[in-house]
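> give the three-dimensional model of this entry:
(chains A and B)
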Amino acid sequence: MQDAGGAADLERLLADRGEQLLRTAVLLTGSHQDGEDLLQAGLERLLRQRRRIEGSPEAYLRQTLYHLAADGWRRQGTWRAKLPLIRASQPPPEPDLMAAADLRDALIRILQMLPPQQRAVIVLRYWEQLTQAETAAALGCSEGTVKSAASRGLKRMRDLASPWLATGIKQEKAT
Amino acid sequence: MSGEFEELVRGSMEWFAGDVRLPAGLAGRARRHHRRRQRVVRAAIAAGTAAVVSAAAVIAATGGVSGAPGLHPHGGSGRVQAAAYVVQRAERAVSTKNLIMEISTPEQVITTEQPGKGPVRSFVPRSVWWAYRGRSRAEVYAAYLRRHGRPDAADTDTEDGPLGKSLPGNPSLHPFTQTTVNYSDRTWSRGTQLTGLASAPAGVAACELVKDMTDPLIAGDVFFTSPSFIRAALACGGLAKTGRTRVDGAAAIVLTGTQRMAKLPITLYVSPATYLPVRIVIGGLRQDYRWLAPTTANLEMLKVRIPPGFRRVGNATQPAR
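Residues are numbered from 1 along each chain as shown, chains lettered A, B, ... in the order given. Next up, the predicted model:
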């Protein structure tokens, strides 16, 4: 990204890829507002570093989003305290269409409780539909790391979602 | 790990983020923030406090990123976020889905507190109303009114055409063609009417529209809640998710209006499957919704039929409704 055309390049990048990047940011943070804040923070970092970036600005921005999300998440440091609450939860008493909505809602919140690398891998692999190799390149790690993070992340999500899965998965198929 | 669960995770992410739109001005905000930071850093370096400012700037840049919210299947803080999504989804469903809206109002009595008059009872006749792309049709069965002090109330079938361009010199007034069949005296009429309600304004104005339409003074006269009213009620931001229930045997999410947005209590029930409204209760007045695909057969419901032998009467342009 050249200095003189930085603003125009940024606008172009956002016009082409902004929505997808924002959706990724929303999934990484767990809320629209925090997702916007995260993307804005990533854009600011992109502006700061634009002279030093080699290669695709989007790839840099994407990697920055993961790192900033992980930083913010680590600083909160609250997820461990919340895990017992999830395990103590009970499924809805009566299966109905609400169960599918509850299950989706629960899965999104469980996603926010995964360690940053697992969360990033889940978002990249199952939301952005990247391959293992592409995910590894985006995160700057090995394919083996991606594979094990995806496996552990999904297993943890399934464990934590078990109260909802019994009733919700049947309804999710119906909808 | 089964593919089914992976698909469920992917579907949940689509549900959560699939309709997120990029807000205008995000790049501009990033540039302004970046320039401000540059100025602060330059000034701080000059003052020998660069390290402190740098640490603060990093926190500012990432401070909005929150950690995990609490997780409770039946309530708690995590539900607040879901409530916003329900309202957002409902608004989007009502605004973008290409469907015919059908509103059925059963016979009922509503009681409203009117300033200076105390409780006032209004008898609401049975009616069915269809709306699609600016056109609408209403069937009103007035037997209930005739039994309760309005012997002259007529059974009517009324079709309103789409709104025309606003009048020269009065941009708030729009003409439209109205055709009415009166089954009580076997007559029909067609003429141009004027309306000032072209569309529901957005934002704060949406709340004003909702307030106006829920004024107890006119509650007995407002039998039909239009698509624009529903859109305004959702856009206003005054609806909160308050629970779940069943409407005619089907699951429904309950959204309740706050006093900020309405002069009468509003409860809106939306389907958790489609997010489309299935029922609304305003100040005790209940109306049920169906959403129909615009098939040829269904579009016929928007057209009034003039029965043979009915006599045409008056067609003069009338003042605004």
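> list the contacts for the one residue sitting closest to the centre of chain A?
When chain A is reduced to its mean C-alpha position, the closest residue under CA atoms, centre = their mean turns out to be A:Leu28, at 3.0 Å. If you count contacts by CB atoms under 8 Å, 6 or more residues apart in numbering or on different chains, A:Leu28 has them with A:35, A:38, A:65-66, A:69, A:119-120, A:123. (Each C-beta comes from the backbone N, C-alpha and C, glycine too.)
> check the secondary structure at it for me.
For A:Leu28, the secondary structure call by DSSP: H, G, I helix; E, B strand; the rest coil comes out as helix.
> now swap in B:Gly309 and tell me
Assigned with three-state DSSP, B:Gly309 falls in the coil class.
> which single residue of the stretch 151-300 of chain B ends up nearest chain A?
Closest approach of the stretch 151-300 of chain B to chain A (CB to the nearest CB) occurs at B:Ala251, with a separation of 4.1 Å.
> doesn't that residue belong to a helix?
No: the assignment for B:Ala251, made by three-state DSSP, is strand rather than a helix.
> so what's it bridging to?
With DSSP bridges as the criterion, the beta-bridge partners of B:Ala251 are B:Arg246.
> before we move on, back to that, got the contacts of A:Leu28 as CSV, with pLDDT and distance to B:Ala233 columns?
CSV is the format used below for the contacts of A:Leu28 (pLDDT from 0 to 100; distance: CB to CB, whole Å):
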residue, pLDDT, distance to B:Ala233
A:Gly35, 83, 26
A:Leu38, 85, 31
A:Leu65, 86, 36
A:Tyr66, 85, 39
A:Ala69, 78, 35
A:Arg119, 90, 36
A:Ala120, 91, 39
A:Val123, 92, 34
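> inside helices: which ones of the residues you listed?
Using DSSP state H, the subset of the contacts of A:Leu28 located in helices is A:35, A:38, A:65-66, A:69, A:119-120.
> restrict these to those near chain B?
Checked against chain B using CB under 8 Å from any CB of the partner chain, those give the following subset in range: A:35, A:38, A:69.
> closest to A:Asp9 out of these?
Relative to A:Asp9, the closest of these is A:Leu38; by CB to CB it sits at 20.2 Å.
> what's the helix or strand for the closest residue to that closest one other than its chain neighbours?
The shortest distance from A:Leu38 to any non-neighbouring residue, by CB to CB, 6 or more residues apart in numbering or on different chains, is to A:Ala25 (4.3 Å). Remark: A:Ala25 resides in helix A:6-29, with elements defined by DSSP states H and E.
> now that helix: mean pLDDT?
Rounded to a whole number, the mean pLDDT of helix A:6-29 is 84.
> with stretch B:229-247 instead?
Looking at stretch B:229-247 alone, the average pLDDT works out to 79.
> cool, stretch B:195-213 as well?
61.
> quick one: residues contacting B:Gly257.
Applying CB under 8 Å, 6+ apart to B:Gly257 gives the contacts B:210, B:233, B:238-239, B:265-268.
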